[in-house]
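> The following comprises the amino acid sequence and a computationally predicted model.
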Amino acid sequence: MGRLVIVLALALAGSAAASGGLVERHSKAAGFSIKVPPAWAYKNATYPSDHSTELWRDPADARSFLEVQVSACVGCVEPSKCVVTGKGPCGPRPENLLPRTATWHKKLDRWTLRFRSKTPGTPYPDEGLVVVLHRGTSIRGFAFAEVYLPAARRSLAGTILGSFKPPS
């Protein structure tokens, strides 16, 4: 039994090391998955509304955390004229959700945008991701993720956001 526990612990440590020390977590409310540091604690912050909000916090530093919101709001990421009249130009606009405090952004593809922002009241910069959720060309809503970490840990924030898999 003791050897089995040691082998299992080594296997788990090896798989965490292979993924940069991160473990995959699945959304309890919205169906996405994302990798976070194994010690980070989950909290479902969703309240009855049109979206879900889920948090993972670093127990050693409550100012370090990941927040992911998922919403079915199509009009939030498509020009309102398209939503109301169906007349274009239509299509995904992840930049509609770019925070006003953004200091940098890059569109990764027509559905996805990365950004960096400095949110008032938080000590750390945040690295963010906007994903327009879709099936084919039909927009279904959006996912908005922000990782708050010290600037020295920016690469970890990028790895976390890079692991995001939207709901299917």
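Arrived safely. Numbers count the residues shown, from 1 in each chain.
> what stretches of the chain score poorly on pLDDT?
Judged by pLDDT under 70, the chain has its weakly predicted residues at 1-20, 47-48.
> middle-most residue in it, spatially?
Geometric centre of the chain, nearest residue: A145, 2.9 Å, by CA atoms, centre = their mean.
> So what sits opposite D109 in the bridge?
T112 (DSSP bridges).
> quick one: it from P99, how far?
20 Å (CB to CB, to the nearest Å). Every C-beta, even on glycine, is put in place using the N, C-alpha and C of the backbone.
> neighbour-wise, which of the two wins?
P99 (17 against 10; other CB atoms under 10 Å).
> Enumerate every residue touching that one.
115, 117, 119, 128 (CB atoms under 8 Å, 6 or more residues apart in numbering).
> hmm, 7 Å instead?
Shown in contact with P99 (CB atoms under 7 Å, 6 or more residues apart in numbering): 115, 117.
> now swap in T103 and tell me
Taking CB under 7 Å, 6+ apart, we find T103 in contact with 116-118.
> can you tell me the helix or strand for it?
strand 102-109 (DSSP states H and E).
> go on, V77?
Using DSSP H and E, V77 falls outside every helix and strand.
> hang on, it packs against F144?
No: using CB atoms under 7 Å, V77 makes no contact with F144, being 9.6 Å away.
> And these two? Which one has more around it.
Between V77 and F144, V77 has the larger neighbour count (other CB under 10 Å), namely 27 against 21.
> For the closest residue to V74 other than its chain neighbours, the count of nearby residues, please.
In this structure, V74 finds its nearest non-sequential neighbour in I139, 5.0 Å apart by CB to CB, 6 or more residues apart in numbering. By other CB under 10 Å, the residues close to I139 number 24.
> Same question for T137.
Other residues near T137 number 9, with proximity taken as other CB under 10 Å.
> wait, what's in contact with it?
Per CB under 7 Å, 6+ apart, neighbours of T137: none.
> how close does it sit to P59?
In terms of CB to CB, T137 sits 42 Å off from P59.
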